[in-house]
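Colleague: Sequence first, predicted coordinates after that:
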Amino acid sequence: MPIKIPDQLPALKVLLEENIFAMAESRAQGQDIRPMEIGILNLMPNKIETEVQLLRLLSNSPLQVNVDLIRIDDRVPKNTPEAHMDAFYRSFDDIKQHKNYDGLIVTGAPLGLIKYEDVTYWPKMQEVMDWARKHVQSTLYLCWAAHASLYHYFGLARDIRESKISGVFTHTTSNDLDPLTQGFSDEFCAIHSRYAEVPLSHLQAHDEVNVLATTPKGGAYLLASKDRRLVFVTGHPEYDADTLDQEYKRDVAANLSPMLPENYYPNNDPANAPRNTWRGHGNLLMCNWLNHYVYQATPYDLAELSK
C-alpha cells in the first residue's frame, strides 16, 4: 500500500521519480480502507528536504499511510518559503483539540547547545509531548527531540560532549527480541550529527526505558518506553547520503572549524561523494515501528486513545 501525499507537495514528484509507491491524495480518496494516520512535527530548518526524507521512509511499508505535516507555531521559517508552510502545514494549535494519530514523528532541531528552557518554543514543545501521551498510539522522537523528550518524560538530563559526534558508526542491538529491532543485523550502520548524549548508565538504570541499540562512540542510539508508546532515536536514519556533507561544508564556510565526519567520506576526503550505508537499517526501523508499535497496537477508532 502507498503513502498518501497532497497532490502539490514537492515531495510527491521526487518520490514518484524514485519509483517510491506514493499516491496522490485525490486518488487515495476513492479507496475504502482505514489508513494509518501519521503526524510529522517538523522542527528542522530545511523543511522540504526533511519532508522528502521522512516520507520516503514511511512509504516503504505495506500499510497505507495518511500524513499531516505539523508546525509548532506560526513563526516564519528561515529556510522554507512561507507559501509552502501555509499550503501544506497545519498548526499544532489547530489540530490538538480534535485530532488523534496512530503515530507521530517529531524531528530533530539545530538546538544541541541550547538549554531546553532557553528554546523559544520549549513551553509549546512540552505541551506537544504531554498531548502526544493521550492522543497518539506511538511517538517517534529523532535526535534533539529524542533527548528533549527523555528529559521531559523521565528527567534524564543530557551531557554536552567535548566534541560533536558526526559521521557513520557501527551499532549493535541490546535486545534483538524486541519487535522494533526485528530483522536487524548483528551490526548495522547509522548516522549521527549531535553534540549531546544522555549517559548510557543512566538510561540502563531507568525502570521505564528499554535500551535497544548502542554504539561505542556515542552511547545509546535506539530506545523505547516499556509500554512502546515512546521511541527515541538519537541519530538520523532519515538522512540522505549528502545531508551530513551539506552540514559539514556549511560549517566550513561559516569558519566554524568542524571536525571531519567519521567513516563518511571515502578515504576521508570531502572531495569524494559519500555513500549511503545506513539506508537499509533506516527503512527496516521505520517499517518495524509502523507495523509493531503502531499498526498492531492502535485502536481502530482513534477516539479511544483520548478516552
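Modeller: Arrived safely, thanks for sending.
Colleague: okay, CA-based contacts and neighbour counts for the rest of this
Modeller: Noted.
Colleague: you'd agree residue 165 is up against residue 194?
Modeller: Yes - with contact defined as Cα atoms under 8 Å, residue 165 counts as touching residue 194 (5.6 Å).
Colleague: between these two, who's got more neighbours?
Modeller: More crowded of residue 165 and residue 194, by other Cα atoms under 10 Å: residue 194, with 25 against 21.
Colleague: ok, which stretches of the stretch 151-300 of the chain are helices?
Modeller: 200-205, 243-253, 279-288 (DSSP state H, counting those that start in this stretch).
Colleague: could you dump the ones you listed to a markdown table with mean neighbour count and distance to residue 55?
Modeller: Shown next, in a markdown table, are the helices of the stretch 151-300 of the chain (neighbours: other Cα atoms under 10 Å; distance: least, Cα to Cα, whole Å):
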| stretch | mean neighbour count | distance to residue 55 |
| --- | --- | --- |
| helix 200-205 | 13 | 30 |
| helix 243-253 | 15 | 16 |
| helix 279-288 | 19 | 11 |
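Colleague: Quick check: which of these is nearest to residue 6?
Modeller: For residue 6, the closest of these is helix 279-288, at 21.0 Å, according to Cα to Cα.
Colleague: List the buried residues of the top strand by length along the chain.
Modeller: As assigned by DSSP state E, the longest strand anywhere in the chain is strand 159-173. Buried positions in strand 159-173, judged by neighbour count with 16 or more other Cα atoms under 10 Å: 164-173.
Colleague: go on, stretch 50-70?
Modeller: For stretch 50-70, the neighbour count (16+ other Cα under 10 Å) marks 50-61, 63-70 as buried.
Colleague: ditto for stretch 229-245
Modeller: Result for stretch 229-245 [16+ other Cα under 10 Å]: buried residues 229-241, 244-245.
Colleague: I'd like the average pLDDT over that stretch.
Modeller: Regarding stretch 229-245, the rounded mean pLDDT is 97.
Colleague: Name the residues that touch that stretch?
Modeller: Here stretch 229-245 makes contact (Cα atoms under 8 Å, 6 or more residues apart in numbering) with 50, 53-54, 57, 133, 136-144, 146-147, 150, 167, 190-194, 220-225, 261, 270, 273-276, 278-279, 281-282, 293.
Colleague: In strands only, show me these.
Modeller: Using DSSP E, the contacts of stretch 229-245 in strands are 136-142, 167, 190-194, 220-225.
Colleague: Now do residue 4, the pLDDT please.
Modeller: The model's pLDDT for residue 4 equals 70.
Colleague: typo on my end, residue 15
Modeller: The predicted local confidence for residue 15 is 73.
Colleague: begin at 57 from here
Modeller: Fine by me, first position is 57 from now on; the one you just mentioned is residue 71.
Colleague: shaky segments in the chain?
Modeller: Low-confidence regions of the chain, defined by pLDDT under 70, span residues 57-59, 74-89.
Colleague: domains for it, by residue range?
Modeller: Domains of the chain are assigned by automatic domain parsing as 59-296+334-362, 304-331.
Colleague: Out of the ones you listed, which is the most enclosed?
Modeller: Compared across the domains of the chain, domain 59-296+334-362 shows the largest average neighbour count, a mean of 18 (mean count of other Cα atoms under 10 Å).
Colleague: chain center to that one: distance?
Modeller: Relative to its chain's centre, domain 59-296+334-362 lies at 3 Å (Cα atoms, centre = their mean, to the nearest Å).
Colleague: circling back to that earlier point, nearest to residue 182, of the helices of the stretch 207-356 of the chain?
Modeller: Comparing those under Cα to Cα, the one sitting nearest is helix 256-261, at 20.6 Å.
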